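A.B. asks: next one to model:
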Amino acid sequence: MARVRAVDDRVNMPWFSVGDADDDASATLDAAGRRYVSVLRDRAATWPCDPEETFVLRPEESGFAHLLAVLCLVRAATDVVSHVFGVFFDGQGVLGSELHNQMYTPLGGSRWWGRSMRRVHPAGART
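C.D. replies: Got it, this is the predicted structure:
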């Protein structure tokens, strides 16, 4: 899905674009990935941040084994990223927390996986 032009000729960025935002590649994801991104986009529509601050990295782009949805919180006054949060999706559930702001790796090294992350199944039960 390509970006859509608004009436005033601005280009609307999709929430959680996949691949190049100019030519969203969400169709390249498997069925579970497409559903996951679709739900993220529906939920994000009410968020108080800009869609340009969200994106999805496929395993071939991130080097991780799973899909990674990223949200960068940008301070409006300075236009600087203050925090980056990511959610890994393995096709069945999600794991997520704060990430390094350039490498998109979990903060705190291996401790992050055991303490800050929570696995959430689609039904909402945590493990």
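
A.B. asks: return the distance of R34 relative to R75.
C.D. replies: Between R34 and R75 the distance, using Cβ to Cβ, to the nearest Å, works out to 32 Å. C-betas here are computed from N, CA, C, even on glycine.

A.B. asks: could you check which of these two has the larger neighbour count?
C.D. replies: More neighbours surround R34 than the other of R34 and R75, with 14 against 10 (other Cβ atoms under 10 Å).

A.B. asks: just the element for that one, please.
C.D. replies: Using DSSP states H and E, R34 falls within helix 31-44.

A.B. asks: contacting residues around the following helix or strand past that helix?
C.D. replies: Next in sequence after helix 31-44, counting helices and strands by DSSP H and E, comes strand 54-57. For strand 54-57, contacts defined as Cβ atoms under 8 Å, 6 or more residues apart in numbering pick out 15-18, 21, 26, 37, 40, 44, 64, 67-72, 104.

A.B. asks: got a ChimeraX select line for the buried ones in those residues?
C.D. replies: Burial among those is assessed by 16 or more other Cβ atoms under 10 Å; the matching ChimeraX selection reads:
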select :15,16,17,18,21,26,37,40,44,67,68,69,70,71,72,104
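
A.B. asks: who's in contact with H83?
C.D. replies: For H83, the contact set (Cβ under 8 Å, 6+ apart) comprises 72-73, 98, 101.

A.B. asks: quick one: buried ones out of these?
C.D. replies: C72.

A.B. asks: which ones among the contacts of H83 map onto strands?
C.D. replies: 72-73, 98 (DSSP state E).

A.B. asks: burial of V87, as a residue count?
C.D. replies: When neighbours are counted by other Cβ under 10 Å, V87 registers 20.

A.B. asks: try T78
C.D. replies: Based on other Cβ under 10 Å, the number of other residues close to T78 is 8.

A.B. asks: S38 versus that one, what's the distance?
C.D. replies: Separation of T78 from S38 (Cβ to Cβ): 33 Å.

A.B. asks: before we move on, the earlier item: same for the helix holding R34, what does it pack against?
C.D. replies: When contacts are defined as 3 or more Cβ pairs under 8 Å, 6 or more residues apart in numbering; DSSP states H and E, helix 31-44 sits against strand 54-57, strand 67-75, strand 80-89.
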